[in-house]
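[1] Return atomic coordinates for the entry below.
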Amino acid sequence: MKKNRFKNIAGLTLLEMLIGVVISSIMMGAIYTTYSVVNNSYSQVTERAKISRSGRDIVEMMMRDIRMAGFKYILGNNTLGFPNRSYLEFVGGNTTIAESHDPIIIEKGDSALGPSEGSNTNKIEIQGHPDEGSKCCDRIHIVYDDFNQNDTTQPYKRYKITYYAAPITDGDGQRYAAYKSLRSWSQPIDSDSGTWVDDCTECYVGQKIRDHIVDMEFVPLDSEGRVLNPLPRPGENIAARDNLYKIRAVDLIITFRSKSNFYKFKSAAGKPRYVKGLGDRTHNFDDTKLRDSVVVTIHTRNILGGI
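    Residues are numbered from 1 along each chain as shown. Sure, this is the predicted structure:
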């Protein structure tokens, strides 16, 4: 009886075992491929979200500041013993950008890199795509007034905010970063003139606000949405000076670069990836980093006349 029972027990042949191994290998390969695709997609979405999130923060900050351009504080009749309106000297017209109190001044070209005109900040060659370094970045100055009743020496305030880009080099290679400076006009209440200072309590110079900048472009528009030409700025050019108070909006585009690799492969030879600016700026690149732009139009609701 026992012999017959063992004869009826069926086992696995070597061929059946090999078939099982092959099927299992195919299933594991399919699962791994699916995981790799999902994981790669997740990494790309995460990297794009990082750029979008940090880009949104810096753009919102710029929007608040640009909207303040040209703001005038009028106290009116008061029992504090302060003048009804600002007594601060106004410097405009045929003057320098550094001294000007005009609400918005945009600088373009080679002179726009660094914190101020003549700062001798050179453009850099970005490894792998030298043209990218040759087209960064604009600089913008924003001037507005404020009031502090607790400062009896100078209750009326005037501030100048400057956004600019400058090159940096470290373990992550050569690239640009965006910076912000805040200066104050120092003019005591019993003085007829003053000067820009950067040592006030609320002042700061060269505060880095965003790394991995590809380009930062500002375009001034008039009430009809047309680009103002010539570029509004103080100095000897009367048409350019007049345009300073025709600015009704500013188009802003900031292009960011991811810190980590985004694409799996570099672009094909002779077919670089690219991002376009608002004008004739086009940035070509052939590496595996992502470039993404944020574009907004900011209305300058306080520019209606002289400050």
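[2] which stretches of the stretch 1-150 of the chain form helices?
    2-7, 14-68, 130-133 (DSSP state H, counting those that start in this stretch).
[3] weakest of these by average pLDDT?
    Mean pLDDT is lowest for helix 130-133 among these, at a mean of 52.
[4] elements contacting the lengthiest strand in the chain?
    Counting residues, the longest strand found in the chain (DSSP state E) is strand 204-221. Secondary-structure packing of strand 204-221 (3 or more C-beta pairs under 8 Å, 6 or more residues apart in numbering; DSSP states H and E): helix 14-68, strand 104-107, strand 156-170, strand 173-186, strand 249-261. For every residue, glycine as well, the C-beta is placed using N, CA and C.
[5] Need the winner for burial among those.
    Neighbour counts (mean count of other C-beta atoms under 10 Å) averaged over each of the helices and strands packed on strand 204-221 peak at strand 104-107, with a mean of 22.
[6] what does it contact?
    Applying C-beta atoms under 8 Å, 6 or more residues apart in numbering, the contact partners of strand 104-107 are 66, 69-70, 97, 117, 138-143, 218-220, 231-234, 244, 247, 250, 300, 303.
[7] before we move on, the earlier item: would you list the helices and strands packed on strand 204-221 in JSON lines and tack on distance to Cys203?
    Converted to JSON lines, these look like this (distance: least, C-beta to C-beta, whole Å):
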{"stretch": "helix 14-68", "distance to Cys203": "15"}
{"stretch": "strand 104-107", "distance to Cys203": "19"}
{"stretch": "strand 156-170", "distance to Cys203": "9"}
{"stretch": "strand 173-186", "distance to Cys203": "5"}
{"stretch": "strand 249-261", "distance to Cys203": "24"}
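[8] Return stretch 283-294 as CSV; C-alpha atoms alone will do.
    C-alpha atoms of stretch 283-294 as CSV (Å, rounded to 0.1, in the frame of the first residue of the first chain):
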residue,chain,number,x,y,z
HIS,A,283,19.2,80.7,-23.4
ASN,A,284,20.5,77.5,-24.9
PHE,A,285,21.8,74.7,-22.8
ASP,A,286,22.8,71.1,-23.3
ASP,A,287,23.2,69.7,-19.8
THR,A,288,20.6,67.7,-17.7
LYS,A,289,19.4,70.6,-15.5
LEU,A,290,15.9,72.0,-15.8
ARG,A,291,15.2,75.7,-16.6
ASP,A,292,11.8,77.1,-15.8
SER,A,293,10.5,80.6,-16.0
VAL,A,294,7.9,82.7,-14.0
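[9] So for it, what gets flagged as buried?
    Neighbour-count burial for stretch 283-294 flags 283, 285, 287-294 (criterion: 16 or more other C-beta atoms under 10 Å).
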